[in-house]
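Undergrad: Okay, sequence plus prediction incoming.
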Amino acid sequence: MENKIDWITLLLFGAIVIFGWFNIYAACYDGSHAGIFDFQTKHGKQLIWIGVSLVIALIISLTDPHVFSSTAYVIYLVIIALLVITLFIGKVTKGGLSWIDFGAFKFQPSEFAKFATALALAKYMSTLDLDYRLLRTKIISWIIILIPIGLILLQHDTGSAMVFVSFLLPLFREGMSGRILLCGVVAAVLFVIALLVNKYIIMALLAVIGLLYLFVWLGKRTRRHYTWTIVLFLACTLFTFSVDFVFDNVLEPHQRDRIYVLLGKTTDTKGTGYNVYQSKIAIGSGGFAGKGYLKGTITKADFVPEQETDFIFCTVGEEWGFMGSAVVIVLYMCLLLRLVRLAERQYSTFSRFYGYSVASILFIHFFINIGMVLGLLPVIGIPLPFFSYGGSSLMAFTILLFIFLRQDQERTKPV
Amino acid sequence: MRNQYQDRSSVIRLIFIIVGIIFIVRLSILQVFDGTYRELADQQALRKVTQYPARGLIYDRDGELLVHNEAVYDLMVIPKMVKIDTAHFCEVMGISREEFDSRMNKACRYSTYTPSIFMKQVSKEEYGSWQNQLYRFHGFFVQQRTLRIYDKPIAAHVLGYVGEVDQNETKKDSYYKQGDYIGKSGLEKSYESVLRGVKGKKIMHVDVHNREIGPYLGGAKDTMAVEGGNLYTTLDAELQEYAESLMANKRGCIVAIEPSTGEVLAMVSAPCYDPNLLVGRVRGENYIKLLQDISKPLFNRALQAQYPPGSIFKVAQAMTALNIGVITPGSGFPCNKSLVGCHNHPSASCVQDAIKMSCNPYFYFVYRRVIQQGKYKNIYRDSPYGLSMWHDYMQRFGFGMRLPIDLPSVMSGNIPDTNYYNRWYGAGKWAFSTIYSNSIGQGEVEVVPLQMANLACIVANRGYYITPHLVRYYGPDSTRNEEFYTRHETGIDPKYIEVVAAGMYGAVHGAGGTAHKADIPDIEVCGKTGTAQNIGDDHSVFISFAPRNNPQIAVAVYVENARGGGGSWAAPIASLVIEKYVRGEVKRKDFERMYRDAAPCQKLPLARTGKKKKK
């Protein structure tokens, strides 16, 4: 039985792409009224990418959805191969080497690694009689995620690598222990606190929390409780003390700077903190109603670097104000929640897992990108899905989304 | 299996929603509740360029341009935005590294965010030499300004000069910002609000490289500068130039007024200076030089010097006494030199002769009649009565008060009243005998030259004056000051003034007159000499008007410390000014050369040689 494609998702997708294009036009607008079909300009090129993406979307809609599940591993391996090739013939752009030149067009394999990994992982998770509780299953699923992460990290593209953390959510949905998510959150919080507060104070605080847990929270205490509390306390302490080491030796200098800027430890509005400072000025100066389309004074004057790609949201903030920015946030929220709802109505583990992967990948981009632009997260250069300028990312996100919509269209109750 | 972990879906949704809410809250803080970003944005993306209006022009009475403008350029800097190759910059601008640093420090001390002047008043040529390089120097831009130009180097004291505002001025009037210009003296000061016009502002949108993108909002928030209004003065440029040339080697002043209108035709204070000296970058240095000059060239003697009037004061005494009725035109008094010194001449049998011969004892008697009118037996009660009446008359002539001329810093002179003497000697302890020196313009009496010229006007007009002024009308609407079209009546009966005028005529043209050197063939001049005693040699003083009937000009001349009395220096100079104005040219060339080239003033600094005549 063939269902109709999900119109709500399609409309949200369309709205975001169109609004995104208008803002790219605004970000590149220099007062000379270049035609919108001038393909030398960025907005002109983006128009081509939108066209190409729509064609891809159409092709996917006409493809037998089973093709994706059956070729999942193949696609995965091809992309892995491309990632490896990129390491050797890649073009160095903005400190990372993640682009392959195809004549006139450049191509970024890491963008496509996202949906490939999602497919492969979904395929693996949907293997018949798979028991996620087995250690072997866990290890294999982690390997599927870690291979692209490793390769992308080798390209010095930390941002894209971080996106793969999003697979924690679908895994969680399929049975991964929630403690891993919790650990992640605790680790992030401890990391930040460790950079700001004296380590011994943190240690004392951890001890107090542990004691409170044992003697106030717990009524009956077993030996197990004591053991675990002590183990956790030691682990947290160790983690806290290792933060400095990680910070100084693992992170690259610009990453350290960006984190310091975020935490307010340095206020260098001309150097490292420049992007975020300008971004906040652009957004903040938009006020409630914005300065009006094509009337932004900051974004029109090139104060914000990368304003048509990673910092595209500045243009929204400046020209459309709080109203427009909130609408964009709400559009993304609707899309994400809609995708979760679609994922939940799938009958096959493959499509459900894949659906969650799509939602999570989009979510982490949205989270990191907007968080960065608003000065809530350190600067991590990843695009805003469907919105930022860029062919590879737009096409990759379109493929990612439409494969899922195609799955959704073909959902059938198991007999 | 499918539904085993289904409730975890809600956890994921919750994560999404929380993040969405955090973002919206953050956005509302940035955009709605925190206003600082708007300011920061304007600060870096908008550049306010003040549009300075051209200062109003100043014309003479015949429409000759006295003061106009030339464009210069101020190189401005916003220290916070400076991004330059300093060595290259210094080379292009032709300054040393040290100079760069000191200028930069000064700019930083003023403000790092708002523009301040880095290099001021760059000429058009110099600006042209680096104009095309300017775009390379982030943080620098140019602002056009205007400077004053004087084609003829005349009337410096009247025109005044323009300078940068000081802190007091910016505090007093928020219109002025540091680096603005303001009239500091002369007409530039008194008509500042007319001449300055209204500043405009242009808001330019600049990009991250400090390049102008275009007018902000298409120029919707810009305001146009309104040009300053012009002044149409009463000065006669030719006469002014001529009068200045006469005073070239002297100290003193000349005030020439058209009696019927109160229009000042020429006002000279010597030594003069070239007004072009106080313009532009050389101003500071020249100003200090002029300020330190012992002959006080910056001091406008015509308005600010308070001299004893000397014998010219007798004109006012005669009119006062006649009008009060304490003497008649035919009153005669003996020339009794034991009362007060005098030169050798026959005793005057009438007012007219007394003025002609300038008899000191005569006016001793006249003044005694005014002060001690016999109202009270006790002279210590009688004298204050007479003095108050006299003081009232003196004020009617414009003495002892600031004549409200349209120039700043005019002095009032001094006409003592009863309070003055009561303070000085104690009430009831003074009488005519204490104060008789006033009768001949010595003693406590002081006047400024403008008041003396005004006295000549009163006689010329036979009884009234119009406040002397320098501007007929100004601005695009030809605005007039009503005060300058109002008659101030002295209340003196014209028939008495006619007597005085006849005396003044006699002084110039009659036998035994004191002012024969003011005699001009074919022009009937009325004049009165004066010799004002003071520190150093006497001042030579002369007031006059001509022609006797329907006078066209009234002139007062002071020549400081010129030995020889009013007739010897001031009278001939006044006669040359009169001839120049009435005839349009001076025919007495030898006479002209002699008095123009002479340098009669005693050298500065002065020793106290003269003795005050007061017994």
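TA: Yes, it's here.
Undergrad: Regarding the chain, what is its longest helix?
TA: The chain I'm using is chain A. Longest helix in chain A by number of residues (criterion: DSSP state H): helix A:312-344.
Undergrad: To clarify, I was referring to chain B.
TA: Max-length helix for chain B by DSSP H is helix B:8-28.
Undergrad: Return the set of buried residues in that helix.
TA: B:8-9, B:12-13, B:15-16, B:19-20, B:22-24, B:26-27 (16 or more other C-beta atoms under 10 Å in any protein chain shown). All C-beta atoms are positioned from the backbone trio N, CA, C, and that covers glycine.
Undergrad: so for the helix or strand following it, what's the average pLDDT?
TA: Next in sequence after helix B:8-28, counting helices and strands by DSSP states H and E, comes helix B:36-45. Across helix B:36-45, pLDDT averages out at 86.
Undergrad: In helix B:36-45, which residues are buried?
TA: Buried residues in helix B:36-45, defined by neighbour count with 16+ other C-beta under 10 Å: B:Tyr37, B:Arg38, B:Leu40, B:Ala41, B:Asp42, B:Gln44, B:Ala45.
Undergrad: same check, this time on stretch A:194-210
TA: A:Ala194, A:Leu195, A:Ile202, A:Leu206, A:Gly210.
Undergrad: ok, for the fourth one, nearest residue in space, not its chain neighbours?
TA: It refers to A:Leu206. Once flanking residues are discounted, A:Leu206 sits nearest to A:Cys236: 5.2 Å by C-beta to C-beta, 6 or more residues apart in numbering or on different chains.
Undergrad: so how many other residues sit close to that neighbour?
TA: A:Cys236 has 21 neighbours, counted by other C-beta atoms under 10 Å in any protein chain shown.
Undergrad: my read is it is in a strand, agree?
TA: No: applying DSSP: H, G, I helix; E, B strand; the rest coil, one finds A:Cys236 to be helix, outside a strand.
Undergrad: packing partners for the helix or strand hosting A:Leu206?
TA: In this assignment (DSSP H and E), A:Leu206 forms part of helix A:199-212. Applying 3 or more C-beta pairs under 8 Å, 6 or more residues apart in numbering or on different chains; DSSP states H and E, one finds that helix A:199-212 contacts helix A:178-196, helix A:223-245.
Undergrad: ok, residues contacting the first one?
TA: Contacts made with helix A:178-196 from outside it, assessed by C-beta atoms under 8 Å, 6 or more residues apart in numbering or on different chains, are listed as A:165, A:168, A:172, A:202, A:236, A:239-241, A:243-244, A:247, A:259-260, A:263, A:265, B:8, B:11.
Undergrad: all strands of the stretch 151-300 of chain B, in order?
TA: Listed in chain order, the strands of the stretch 151-300 of chain B (DSSP state E, counting those that start in this stretch) span B:162-164, B:181-183, B:200-206, B:212-215, B:231-233, B:252-258, B:263-270.
Undergrad: Mind telling me which of those strands the model trusts least?
TA: In terms of average pLDDT, strand B:212-215 trails the rest of the strands of the stretch 151-300 of chain B, at a mean of 80.
Undergrad: Could you give the number of residues near the residue of chain A found nearest chain B?
TA: Residue nearest to chain B within chain A: A:Gly284 (2.5 Å; C-beta to the nearest C-beta). Around A:Gly284 there are 27 other residues, counting by other C-beta under 10 Å.
Undergrad: Isn't it up against B:Phe33?
TA: No: counting by C-beta atoms under 8 Å, A:Gly284 stays clear of B:Phe33, with 9.8 Å between them.
Undergrad: one step back: ok now the following helix or strand past the longest helix of chain A, how far from the chain's centre?
TA: Heading C-terminal from helix A:312-344, the first helix or strand you meet, by DSSP H and E, is helix A:349-373. Computed by C-alpha atoms, centre = their mean, to the nearest Å, the separation of helix A:349-373 from the middle of its chain amounts to 6 Å.
Undergrad: How about helix A:349-373 and chain B, any contact?
TA: Yes: using C-beta under 8 Å from any C-beta of the partner chain, helix A:349-373 reaches chain B at A:Thr349, A:Arg352, A:Tyr356, A:Ala359, A:Ser360, A:Phe363, A:Phe366, A:Phe367, A:Ile370, A:Gly371.
Undergrad: Now do the contacts for the fifth one.
TA: Translated: A:Ser360. When contacts are counted by C-beta under 8 Å, 6+ apart, A:Ser360 touches A:Ser166, A:Phe167, A:Leu168, A:Leu169, A:Pro170, B:Ile12.
Undergrad: Could you point out which of the residues you listed is nearest to B:Glu489?
TA: A:Ser166 (99.9 Å; C-beta to C-beta).
Undergrad: how about that closest one, what does it touch?
TA: A:Ser357, A:Ser360, A:Ile361, A:Phe363, A:Ile364.
Undergrad: Need the pLDDT of it.
TA: pLDDT for A:Ser166: 93.
Undergrad: excluding its backbone neighbours, what's nearest the residue of chain A closest to chain B?
TA: B:Tyr37 is the one closest to A:Gly284 (C-beta to C-beta, 6+ apart), at 2.5 Å.
Undergrad: thought the one you found was touching A:Ser285?
TA: Yes: under the contact definition of C-beta under 8 Å, B:Tyr37 touches A:Ser285, with a separation of 4.7 Å.
Undergrad: picking that back up, could you export the strands of the stretch 151-300 of chain B to JSON lines, including columns for mean neighbour count and distance to chain A?
TA: As requested, the strands of the stretch 151-300 of chain B are exported to JSON lines (neighbours: other C-beta atoms under 10 Å in any protein chain shown; distance: least, C-beta to the nearest C-beta, whole Å):
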{"stretch": "strand B:162-164", "mean neighbour count": "20", "distance to chain A": "32"}
{"stretch": "strand B:181-183", "mean neighbour count": "21", "distance to chain A": "31"}
{"stretch": "strand B:200-206", "mean neighbour count": "17", "distance to chain A": "6"}
{"stretch": "strand B:212-215", "mean neighbour count": "14", "distance to chain A": "6"}
{"stretch": "strand B:231-233", "mean neighbour count": "25", "distance to chain A": "42"}
{"stretch": "strand B:252-258", "mean neighbour count": "29", "distance to chain A": "59"}
{"stretch": "strand B:263-270", "mean neighbour count": "27", "distance to chain A": "54"}
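Undergrad: can you put those strands in a markdown table and add distance to A:Phe112?
TA: Shown next, in a markdown table, are the strands of the stretch 151-300 of chain B (distance: least, C-beta to C-beta, whole Å):
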| stretch | distance to A:Phe112 |
| --- | --- |
| strand B:162-164 | 67 |
| strand B:181-183 | 67 |
| strand B:200-206 | 40 |
| strand B:212-215 | 38 |
| strand B:231-233 | 79 |
| strand B:252-258 | 95 |
| strand B:263-270 | 90 |
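Undergrad: Select, out of those, the one closest to B:Asp222.
TA: strand B:200-206 (4.9 Å).
Undergrad: Other residues contacting that closest one?
TA: Contacts for strand B:200-206 (C-beta under 8 Å, 6+ apart): A:297, A:300-301, B:45-51, B:53, B:212-217, B:219, B:221-226.
Undergrad: Can you mark which positions in the strand or helix carrying B:Trp390 are buried?
TA: According to DSSP H and E, B:Trp390 maps onto helix B:379-396. Neighbour-count burial for helix B:379-396, with 16+ other C-beta under 10 Å as criterion, is recorded at B:379, B:382-387, B:389-391, B:393-394, B:396.
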